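Engineer: let's see this in three dimensions:
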Amino acid sequence: MAITVFIRYQIDPFKRAMFEEYAKRWLTLIPRSGGDLLGYWMPHEGTNNIAFALISFANLADYESYRARLRADNDCVANFNFAEQNKFILAEERTFLRPVTL
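Structural biologist: Now for the predicted structure:
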């Protein structure tokens, strides 16, 4: 069963540019690590501190393998460290979704 990970970020609204830099790095790192990245979305109008990402996988086992590859990749670790050092992500929520099918 296919799954999509929906990530909701609460970001520091004064550090949106840093979050966007972080997200842009994931545009190549996530596919390289095995995720089918549907995209990142930044605040535009209205709420200025919420961003989203959607990443799909064939199944939960593929997601677990992907997570292991992220932790083993120096570029991915550097991007995680960039976020941690600059504290632009205040909270992160993950929801695992499945498609509705007939």
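Engineer: list the buried ones in the helix or strand harbouring Ala83?
Structural biologist: Ala83 is part of helix 74-86, with elements assigned from DSSP states H and E. By neighbour count on 16 or more other CB atoms under 10 Å, the buried set for helix 74-86 is Cys76, Asn79, Ala83. All C-beta atoms are positioned from the backbone trio N, CA, C, and that covers glycine.
Engineer: what ranges do the strands span in the chain?
Structural biologist: 3-11, 36-41, 50-57, 89-97 (DSSP state E).
Engineer: let me know the closest of the buried residues of helix 74-86 to Pro43.
Structural biologist: Set against Pro43, the nearest of the buried residues of helix 74-86 by CB to CB is Ala83 (16.7 Å).
Engineer: contacting residues around the closest one?
Structural biologist: Counting by CB atoms under 8 Å, 6 or more residues apart in numbering, Ala83 touches Tyr22, Ile89.
Engineer: repeat that for Met18.
Structural biologist: Met18 sits next to Phe82, Asn86, Phe88 when contact means CB under 8 Å, 6+ apart.
Engineer: one more time with 6 Å
Structural biologist: For Met18, the contacting residues are Asn86, Phe88, by CB atoms under 6 Å, 6 or more residues apart in numbering.
Engineer: how about the longest helix along the chain: buried residues?
Structural biologist: Across the chain, the longest stretch assigned as helix under DSSP state H is helix 16-32. Judged by neighbour count (16+ other CB under 10 Å), helix 16-32 contains these buried residues: Arg16, Met18, Phe19, Glu20, Tyr22, Ala23, Arg25, Trp26, Leu29, Ile30.
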